[in-house]
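Peer 1: predicted model, plus sequence, below.
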Protein chains: 6
Amino acid sequence: MLRHDGRSSDQMRPLRIVPNYTKHAAGSVLLEFGETKVICTASVDEGVPSFLRNATPAQGWLTAEYSMLPGSTQTRSRRERPSPSGRSQEIQRLIGRSIRGIIDLTKCPDFTFTLDCDVIQADGGTRTASITGAYVALKIAVDKLLRSGKLNQNPLTDAVAAVSVGLRDSAVLVDLDYQEDSTADLDMNVVMTQSGKFLEIQGTAERAAFSKEQVLEIMNAAEAALNPVFDLQHEAADGREVES
Amino acid sequence: MLRHDGRSSDQMRPLRIVPNYTKHAAGSVLLEFGETKVICTASVDEGVPSFLRNATPAQGWLTAEYSMLPGSTQTRSRRERPSPSGRSQEIQRLIGRSIRGIIDLTKCPDFTFTLDCDVIQADGGTRTASITGAYVALKIAVDKLLRSGKLNQNPLTDAVAAVSVGLRDSAVLVDLDYQEDSTADLDMNVVMTQSGKFLEIQGTAERAAFSKEQVLEIMNAAEAALNPVFDLQHEAADGREVES
Amino acid sequence: MLRHDGRSSDQMRPLRIVPNYTKHAAGSVLLEFGETKVICTASVDEGVPSFLRNATPAQGWLTAEYSMLPGSTQTRSRRERPSPSGRSQEIQRLIGRSIRGIIDLTKCPDFTFTLDCDVIQADGGTRTASITGAYVALKIAVDKLLRSGKLNQNPLTDAVAAVSVGLRDSAVLVDLDYQEDSTADLDMNVVMTQSGKFLEIQGTAERAAFSKEQVLEIMNAAEAALNPVFDLQHEAADGREVES
Amino acid sequence: MLRHDGRSSDQMRPLRIVPNYTKHAAGSVLLEFGETKVICTASVDEGVPSFLRNATPAQGWLTAEYSMLPGSTQTRSRRERPSPSGRSQEIQRLIGRSIRGIIDLTKCPDFTFTLDCDVIQADGGTRTASITGAYVALKIAVDKLLRSGKLNQNPLTDAVAAVSVGLRDSAVLVDLDYQEDSTADLDMNVVMTQSGKFLEIQGTAERAAFSKEQVLEIMNAAEAALNPVFDLQHEAADGREVES
Amino acid sequence: MLRHDGRSSDQMRPLRIVPNYTKHAAGSVLLEFGETKVICTASVDEGVPSFLRNATPAQGWLTAEYSMLPGSTQTRSRRERPSPSGRSQEIQRLIGRSIRGIIDLTKCPDFTFTLDCDVIQADGGTRTASITGAYVALKIAVDKLLRSGKLNQNPLTDAVAAVSVGLRDSAVLVDLDYQEDSTADLDMNVVMTQSGKFLEIQGTAERAAFSKEQVLEIMNAAEAALNPVFDLQHEAADGREVES
Amino acid sequence: MLRHDGRSSDQMRPLRIVPNYTKHAAGSVLLEFGETKVICTASVDEGVPSFLRNATPAQGWLTAEYSMLPGSTQTRSRRERPSPSGRSQEIQRLIGRSIRGIIDLTKCPDFTFTLDCDVIQADGGTRTASITGAYVALKIAVDKLLRSGKLNQNPLTDAVAAVSVGLRDSAVLVDLDYQEDSTADLDMNVVMTQSGKFLEIQGTAERAAFSKEQVLEIMNAAEAALNPVFDLQHEAADGREVES
């Protein structure tokens, strides 16, 4: 058996999305990729940061924050103070960039969206789960603004989801869990749009350098794996709890 | 009707405890007092902080941390950096003191317990919910240590739970929610043991100074309200999801 | 003899207040409870913090800070950086709340008062000495504003003082010094107004949980002990050095 | 003309490496990609960080830091305090990972290498210039350790260099300068070894999502561009100033 | 009249030293230069910082900290957090260097002395008052160590005191107060030993550059002014309150 | 031979100034005193800090920052975070004061000048090299503003340069390098104007207290050494690389 949990090499873990998981934020979900569980909330503030105040054309803003609860990891992790770790900052920059790739901020010039991704249980792939969940939370929040008339046009231009794909002994493995991640030769995070294009690829040699052919193979596997995710995201954004 | 949600003045909100809510920490629960929801985890580390290394008699240590997810509040709250706010520090010191009141640390000299209370949805009473949940998470962790033989004797000497009781126009109101809290004349947090004694009382005049008689009335109301909670805590610690 | 310094159980240490101890702050005192010595100053700034700028009705603000000189303790204590310790923040929040309990901030909407309590020698009871002294410093500053016509009406609605009361082997001990504090079963800080009401009670089981009856006993003892303090505060605020 | 400085689409800017640019660090270079200028130094310390102290097998450590002088950018940039910006942390993590990809740390178990990359003039591509220069500084330092007998075997297993490649209106542009970078649709950083494998690829859609074919095209262009760089690196490491 | 307070140009303000001002620190004084008032305490710890642990010859350590109470200045000054201001760090480095100039640390290799200088009222010359007072506090602490036998030989090799001297319209003014300081052309701090030598001179042109002749004139004036101070310091160190 | 590098006691190390060393800042130089190498840049911002916004008369502002690259010292020095060390703050305050001594800020009320002094190789005298180089960078920037018409009158009133002079065994040594600095009895930094006046003198007894006569001797030596430096500064400011 290739994988310790019985999955085939191209199989994602079960995906579950619970929409409206908390009540205060404009949008919120609990998203699970197997044992990885993330709470994503989308908060909406009127106004934009000062560096955008006189932008031409006028545009809104969107930013993301990522954190792990101390008890979410196998051994307790310390709260990241005084500032987020390098790893966390890198992840939240990635989440922000990825989501900004599918929103036209000139269509929501009066608003700042803050996407908070808080990992309550970690088992690999927390950054890709965060991107996938943050999109749903944002969609819920945007739909509310549209329904209430605070927004007149939909700023979302596409949907976005993400997955990590690894190589181990030349085999492509989709959606690495923690145990697989720690023995992979290469770990690549792939962020895609529903329209079939890529927004980010980040491949890091962990144990062995890699070739162009392997990059291509990985991108194909990611594409196949993410294809069914977009429908689940939209169903959840419409208020239904979904499971793959 | 006295209370906006239909409760009688001495009625707590529905209590729900989901044990083993996450899998990595030695003990974990999701605890809900109505719409207030807190994840409490108990982590166990071997060894003690340096200030206890040569203590006589040898003793273990227990500490608590408290935080709110940014999306847990009505308007998004900023992550507390570089250090926890004064309010959060006060709360986590209270949680730590309260739980240390029912553990004999000389009976677990080899261990440090860290109790993390992370509020995922706030509707008043987050500190008392945290104390009530942290005890259950700790109980689960201690029971595991006892079963595995890492602990030979039970260091827990009692059970602990807490509730906030308020005064409004001289009426005693048990378990204030956010809306009630913001219009109360007095807010008192009461921490009790199952054996019927008090570990902490903290009463703060919010709108009007108070009398000795009112303090007594409040302590009586807290006692009555907490009485049934201890059984629910122990049932949850035994692995069953409970609701009041 | 019950107490190591010969006091009876209900006897406070000698109280001494030196008004106008320093010359720059609008109000200042040196206050001593026995060997505990605190410099309290009240500074007055025009304007209010931004979160109150458009408050309705308009209101001023009052805040407190608490610190100990490094040499004030039995072994030198480090300066609290980068931020005040949890203990200091808890104390300065308590001081601020207590004093705000006797000032009507809508009657001084143009001013921010900052009360600095700096302990120069610590022997137990520094937080209650700080509250007691901060009130006098504030009274001096307010009287100046009234005399100069910058304030037209007196915003102070009452006087406030505080004392710590402990339990040891079921005996109530008023105004614990450091040595007593470290062996007490229970330590309760009581903040009262001259009109005989309570603003704060904070009781913490140090060695043993406590009962309702004990709380009542302590509140009675605090009331008796604080009664003569209010006159001394006002005499000092009028410019006379006083000693009990 | 495709590019504002007259370069062909596959042409790198002039590369210049001044070895031994400063005298205190074990290895140092000034490296220039056109108007981008970086000082890279390699410092060697005996011992390893505590998390590696009992590693099996024993291994050394290598870490990198990246910073920009305030005057290096078109408008002065503030020194990054209290901690490096998210961008800087992301870059220094990338530099560290990339260089660790070509060193066998079990062959230098007694040493920690610190690579400092300080940008004195920025014109795009500072992270790839830093990787390319840090390798040379490290090679100089390692060669010294080998000559002095402090190292018995060469821990370097390959050479490493990096380049950024962009897409604008579907055209592939190698080694983007600042002006090009700010108008590109896609910016991909490619880190390669002399043996023709990849250690990192990081592609970010700036203005338009991208396709698999474009990723392949970019990797081919990076490979062709970096090919001649490795010889220049080794000539510089041998003590000769080189220019492409 | 040359000076607003009636002093002659070479006249210091009244000096007052209250020894043993607080009881916990090994040595303590309240020192006043006119309206400038500083509490100086000397704390003694066994052991030395790690950078001195294996020094040859073995030596003790001495360090100083300087701070101003918020209420000590004409308008309230903020507590210096997260770290002391540049000004405060400069002053505490000066105090430490000055006092280290008259102590032979190889004669007290087992001890670290910490000198805390806390300004409770500022009216110019706080740094020179701090040096002058810190010496007395240290002398008291060292004498205790000698009497108790913890030290066998006196590490103090001389006495040290300091004064600021200014120039205004070419007139030399000794011991500037705050009002004079803010209109002086030049402000020079002079640190001397009882044996008539200089440990530090720091002259800063405030309004006009200065000449060699003026430096000489200032040093002469400082010497004359400090001459009688050393006797007062020693009398105070012997336990008597002194006033000039 | 008196000095390890063959210099006579009154001889400065070779001085080299490379103007326009980097291209983005308004003014920049690389300045070398022997093996001490500093990059100085002058940045110009429109506007002044808030504390000067309503100053009468209107005035501009000038500030300085000083830092050392980690690899600039004999053993790698850590980047100074979260804030500059006390030493660095003291140096940058000295640089700022010194340069403000030769600029009339009322003649450039619309501008803030920031002088960054970054040491790339340290061999003693980095603060005096920074002052000497910062003046040239500022002069280049001011000349540009004058030529472009953004300034109508020259705010520079004099030129400024600095040197450290030491005493060892009563011999005066000009321009101490690192090795000399660490064995000197006294180290004095002298900041002079081209017109022959002094802006700062800072003398610190390192191993022995000093006399008035020695101060005079040192000031004479500094004067003689700095005399030829001013011409080199102006030649460099005119765009020519100069060497003494």
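Peer 2: Sure, I can see it.
Peer 1: so for the longest helix seen in chain A, what gets flagged as buried?
Peer 2: Looking across chain A with DSSP state H, the single longest helix is helix A:126-147. Neighbour counts over helix A:126-147 (16 or more other Cβ atoms under 10 Å in any protein chain shown) mark A:126-143, A:145 as buried. To be clear about C-beta, it is placed using only N, CA and C from the backbone, and glycine gets the same treatment.
Peer 1: only C-alpha atoms, please: export it in PDB.
Peer 2: Provided in PDB are the C-alpha atoms of helix A:126-147 (Å, rounded to 0.1, in the frame of the first residue of the first chain):
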ATOM      1  CA  THR A 126      -3.000  23.900   6.800                       C
ATOM      2  CA  ARG A 127      -2.100  26.700   4.300                       C
ATOM      3  CA  THR A 128      -4.000  25.100   1.400                       C
ATOM      4  CA  ALA A 129      -7.000  24.400   3.700                       C
ATOM      5  CA  SER A 130      -6.800  28.000   4.800                       C
ATOM      6  CA  ILE A 131      -7.000  29.300   1.200                       C
ATOM      7  CA  THR A 132      -9.800  27.000   0.300                       C
ATOM      8  CA  GLY A 133     -11.800  27.900   3.400                       C
ATOM      9  CA  ALA A 134     -11.100  31.600   3.300                       C
ATOM     10  CA  TYR A 135     -12.600  31.800  -0.100                       C
ATOM     11  CA  VAL A 136     -15.900  30.400   1.100                       C
ATOM     12  CA  ALA A 137     -16.000  32.700   4.100                       C
ATOM     13  CA  LEU A 138     -15.300  35.700   1.800                       C
ATOM     14  CA  LYS A 139     -18.000  34.500  -0.600                       C
ATOM     15  CA  ILE A 140     -20.600  34.300   2.200                       C
ATOM     16  CA  ALA A 141     -19.600  37.800   3.300                       C
ATOM     17  CA  VAL A 142     -19.800  39.300  -0.200                       C
ATOM     18  CA  ASP A 143     -23.100  37.700  -0.900                       C
ATOM     19  CA  LYS A 144     -24.500  39.400   2.300                       C
ATOM     20  CA  LEU A 145     -23.200  42.700   1.100                       C
ATOM     21  CA  LEU A 146     -24.800  42.200  -2.200                       C
ATOM     22  CA  ARG A 147     -28.100  41.200  -0.700                       C
END
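Peer 1: wait, A:Val48 sits on A:Thr112?
Peer 2: Yes: under the criterion of Cβ atoms under 8 Å, A:Val48 makes contact with A:Thr112 at 5.6 Å.
Peer 1: name the residues contacting each of those two.
Peer 2: Shared contacts of A:Val48 and A:Thr112 (Cβ atoms under 8 Å, 6 or more residues apart in numbering or on different chains): A:Gly60, A:Trp61.
Peer 1: so, in contact with chain B or not, the longest helix of chain A?
Peer 2: No: applying Cβ under 8 Å from any Cβ of the partner chain, one finds helix A:126-147 separated from chain B by no less than 8.7 Å.
Peer 1: past that helix, which element shows up next along the chain?
Peer 2: With elements assigned by DSSP states H and E, the helix or strand that comes after helix A:126-147 is strand A:160-168.
Peer 1: need the residues of chain A near chain F, please.
Peer 2: A:Pro82.
Peer 1: quick one: residues contacting the residue in chain A that chain E sits nearest to.
Peer 2: Nearest residue of chain A to chain E: A:Pro82, at 8.6 Å (Cβ to the nearest Cβ). By Cβ under 8 Å, 6+ apart, A:Pro82 lies in contact with B:Arg81, B:Pro82, B:Ser83, C:Pro82, D:Pro82, D:Ser83, F:Pro82.
Peer 1: one more time with 6 Å, if that's ok
Peer 2: Applying Cβ atoms under 6 Å, 6 or more residues apart in numbering or on different chains, we find A:Pro82 in contact with B:Arg81, B:Pro82.
Peer 1: low-confidence stretches in chain A?
Peer 2: For chain A, the stretches flagged by pLDDT under 70 are A:1.
Peer 1: report the central residue of chain A.
Peer 2: A:Ile131 (0.9 Å; Cα atoms, centre = their mean).
Peer 1: that one contacts A:Arg93, doesn't it?
Peer 2: No: taking contacts as Cβ atoms under 6 Å, A:Ile131 lies outside contact range of A:Arg93: 11.8 Å.
Peer 1: before we move on, the earlier item: check the gap between the residue of chain A closest to chain E and B:Val44 for me.
Peer 2: A:Pro82 sits 27 Å away from B:Val44, going by Cβ to Cβ, to the nearest Å.
Peer 1: surely A:Met188 meets A:Met219?
Peer 2: No: with contacts counted by Cβ under 6 Å, A:Met188 stays clear of A:Met219, the gap being 8.3 Å.
Peer 1: okay, these two: which has more neighbours?
Peer 2: It is A:Met188, of A:Met188 and A:Met219, that has more neighbours when counted by other Cβ atoms under 10 Å in any protein chain shown, with 25 against 21.
Peer 1: what bridges to the nearest residue to the more buried one once chain neighbours are set aside?
Peer 2: Distances taken as Cβ to Cβ, 6 or more residues apart in numbering or on different chains place A:Gly203 nearest to A:Met188, at 3.8 Å, with adjacent residues excluded. Taking DSSP bridges as the rule, A:Gly203 bridges to A:Met188, D:Ile201.
Peer 1: how many residues are close by A:Gly203?
Peer 2: Number of residues near A:Gly203 (other Cβ under 10 Å) recorded here: 26.
Peer 1: swap in A:Arg78?
Peer 2: The number of residues packed near A:Arg78 is 9, by other Cβ under 10 Å.
Peer 1: next, A:Ser195: secondary structure please.
Peer 2: coil (DSSP: H, G, I helix; E, B strand; the rest coil).
Peer 1: so who does the residue nearest to it when sequence neighbours are not counted touch?
Peer 2: Of all residues not flanking A:Ser195 in the chain, A:Asp158 sits nearest, at 5.4 Å (Cβ to Cβ, 6+ apart). Counting by Cβ under 6 Å, 6+ apart, A:Asp158 makes contact with A:Ile102, A:Thr193, A:Gln194, A:Ser195.
Peer 1: go again using 10 Å as the cut-off
Peer 2: A:Asp158 makes contact with A:101-104, A:135, A:192-197, A:199, A:230, D:209, according to Cβ atoms under 10 Å, 6 or more residues apart in numbering or on different chains.
Peer 1: report the buried members of the residues you listed.
Peer 2: A:Gly101, A:Ile102, A:Ile103, A:Tyr135, A:Met192, A:Thr193, A:Gln194, A:Lys197, A:Leu199, A:Phe230, D:Ala209.
Peer 1: now do the helices in chain A.
Peer 2: Using DSSP H, helices in chain A cover A:86-100, A:126-147, A:178-181, A:212-226, A:229-237.
Peer 1: the longest one and chain D in contact?
Peer 2: No: among the residues of helix A:126-147, none lie within reach of chain D under Cβ under 10 Å from any Cβ of the partner chain; the closest is 13.0 Å away.
Peer 1: thinking again about what came up before, tell me, what's touching A:Ile131 and A:Arg93 both at once?
Peer 2: With Cβ under 10 Å, 6+ apart as the test, A:Ile131 and A:Arg93 both reach A:Ala64, A:Tyr66.
Peer 1: around chain C, pick out the residues from chain A.
Peer 2: A:Pro82.
Peer 1: just the closest residue of chain A to chain F, please.
Peer 2: As assessed by Cβ to the nearest Cβ, chain F sits closest to A:Pro82 within chain A, at 7.5 Å.
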